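Participant: fold the following.
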Amino acid sequence: MDFLHMSRDDVQVWAQSAMPSPADKITVGAAVVRTSENGRREILLLKRAAHEDYYPGVFEIPGGKVDESDRSIRDALAREVAEETGLTVSGILGSLEPFMYTTEKSFGGSVQTIRKVALQLSYLVEVQESGDDFVVNPDEHSEGTWATADRLSAMPITNDMRKIVLEALGSLAQ
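Facilitator: Here you go, the predicted model:
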């Protein structure tokens with residue numbers, strides 16, 4: 001299904017009927033990819049800041065929650081890349097496998113836990129810039145790096161994100 005031109009609300013309606021459990025929020029992920037000067041496929045990964053509530057210190061692709069003000073998934077994707085890296089999306093090369101994930105947050109050691117289910121729509125994107133000049137937003141991430149598939153095993157990264165990264169790097173080869 002092509003979600004790029006759909007609004008957050010339209011995707012939410014689709015998800016309610018098509019997914020095994022309803023999504024509390026819709027998120028986007030941008031697999032910013034390039035081929036290095038030595039011909040190796042690389043993807044831009046950002047390390048979540050230590051103060052983040054969810055997955056602190058874990059690497060991920062740029063992305064985040066689709067806001068109500070985003071006219072479409074495409075707009076949310078471009079906004080998130082710009083906010084988190086300072087880069088400008090110049091093209092969308094394809095979609096990657098959507099996935100659902102659950103986040104939990106406990107408050108002050110109490111028994112109150114909030115669980116949210118998110119549907120992430122990820123895309124293979126290219127940017128106008130070379131990518132060397134990305135700027136990490138310190139409110140969300142502590143560092144960024146261009147990574148190859150063989151570096152992933154040494155990086156803290158969730159299994160879902162690892163699958164997306166490997167899918168993106170494999171798609172770039174085709």
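Participant: drop to CA atoms for contacts and neighbour counts, all remaining ones
Facilitator: Fine.
Participant: what is the burial count for E83?
Facilitator: Neighbours of E83 under the rule other Cα atoms under 10 Å: 17.
Participant: cool, and A23?
Facilitator: A23 has 21 nearby residues by other Cα under 10 Å.
Participant: surely it is in a strand?
Facilitator: No: looking at A23 with DSSP: H, G, I helix; E, B strand; the rest coil, it is coil, so not inside a strand.
Participant: so how far is L119 from it?
Facilitator: Relative to L119, A23 is positioned 6 Å away (Cα to Cα, to the nearest Å).
Participant: check A149 too.
Facilitator: For A149, the distance to L119 - Cα to Cα - is 24 Å.
Participant: swap in L93?
Facilitator: Between L93 and L119 the computed distance is 20 Å (Cα to Cα).
Participant: neighbour count: these two, which is higher?
Facilitator: L119 (23 against 16).
Participant: what are the buried residues along the helix or strand hosting the more buried one?
Facilitator: Taking DSSP states H and E as the criterion, L119 maps to strand 113-127. By neighbour count on 16 or more other Cα atoms under 10 Å, the buried set for strand 113-127 is V117, A118, L119, Q120, L121, S122, Y123, L124, V125, E126, V127.
Participant: neighbouring strands - and their directions - for that strand?
Facilitator: Take DSSP bridges as the rule and strand 113-127 pairs in its sheet with strand 25-35 (parallel), strand 89-95 (antiparallel), strand 99-106 (antiparallel).
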